[in-house]
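**Q** Requesting a structural model of the entry that follows:
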Amino acid sequence: MTRPTRLAPALIALSICFNTNGAFSQKVQPSDDVHATLLQGKHKSLIAYAGETHSFTIEVPYKSAKPSDVPGFITIDKQIVQATLVPADRSLDRKQSGPSPEKELLLKYMNYELSYYKKKLKQNYSHLETEWITLQGRLFLVWYFNMPENYKLVSRQVYVSTLFYDQVVDLNAPVFKADDWGKARTILVRLAGSMKTFDKRLDLQGLQKKL
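**A** The predicted model follows:
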């Protein structure tokens, strides 16, 4: 897990709270976790990632998208959002028929993250809820939970996770006020529904010039 420096205490806590993907699938390098990039143009914005052989874009249907003060985060309509890629657990056979291998892998990822919260970050989350949704033919796991009452910075956390070849794409958002969690979920699901994948490396600089 990467721990940022030179941030105000509240921002350090927020960044640590959301950068919990450090060792899923027994990773040893913090750089294995990759944040997607916000591309801002004159007409629209995209969240994009360009790998060596696979890439994706996510449309940002909000005019008020900008980089957050917290490294690796984006602010969309006043809501902080993070888009992270984490190596998936390769021990599962995804060639099996039916959606169960995908669900099993995503649940395993979620349970790893929750275990990390509880054992490493000492955060006793509660009221975990999960949903399965399919957007544009892609399966997503939506999951959210409450932070401890004495945790003053964030009241709830919302995640939307999906498989992207041998990685998990994880969209997540902190909810500062309990009543705002529905807005956070709506933003993440709307972003997830616009995800497009490419079997090539995208030229992000060239793509940004066209926005």
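**Q** what about the residue lying closest to Lys196 once chain neighbours are set aside, neighbour count?
**A** Sequence neighbours aside, Thr57 is the residue nearest to Lys196 in space, at 5.2 Å (criterion: Cβ to Cβ, 6 or more residues apart in numbering). Heads up, the C-betas are built off the backbone N, CA and C, glycines and all. By other Cβ atoms under 10 Å, 20 other residues sit near Thr57.
**Q** which residues in this structure form helices?
**A** 9-18, 100-119, 181-192, 204-209 (DSSP state H).
**Q** ok, now how distant is Lys210 from Gly41?
**A** 7 Å (Cβ to Cβ, to the nearest Å).
**Q** need the contact list for Tyr165.
**A** His54 (Cβ atoms under 8 Å, 6 or more residues apart in numbering).
**Q** show me where this protein has strands.
**A** Under the criterion DSSP state E, the chain carries strands at the ranges 34-35, 37-40, 45-50, 55-60, 65-67, 74-76, 79-87, 126-135, 138-146, 156-164, 167-175, 196-198.
**Q** Which one, of the ones you listed, ends up nearest to Arg185?
**A** strand 156-164 (5.2 Å; Cβ to Cβ).
**Q** quick one: strands adjacent to that closest one?
**A** strand 138-146 (antiparallel), strand 167-175 (antiparallel) (DSSP bridges).
**Q** who wins for proximity to Lys63 among those?
**A** strand 167-175 (18.2 Å).
**Q** Dump the C-alpha coordinates for that closest one into PDB.
**A** Presented in PDB, the C-alpha positions along strand 167-175 are these (Å, rounded to 0.1, in the frame of the first residue of the first chain):
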ATOM      1  CA  GLN A 167      -7.100  -7.100 -13.500                       C
ATOM      2  CA  VAL A 168      -9.800  -5.800 -11.400                       C
ATOM      3  CA  VAL A 169     -11.000  -2.300 -12.200                       C
ATOM      4  CA  ASP A 170     -12.200  -0.700  -9.000                       C
ATOM      5  CA  LEU A 171     -14.200   2.500  -8.900                       C
ATOM      6  CA  ASN A 172     -14.700   3.800  -5.400                       C
ATOM      7  CA  ALA A 173     -15.900   6.900  -3.500                       C
ATOM      8  CA  PRO A 174     -15.800   8.200   0.000                       C
ATOM      9  CA  VAL A 175     -19.100   9.400   1.500                       C
END
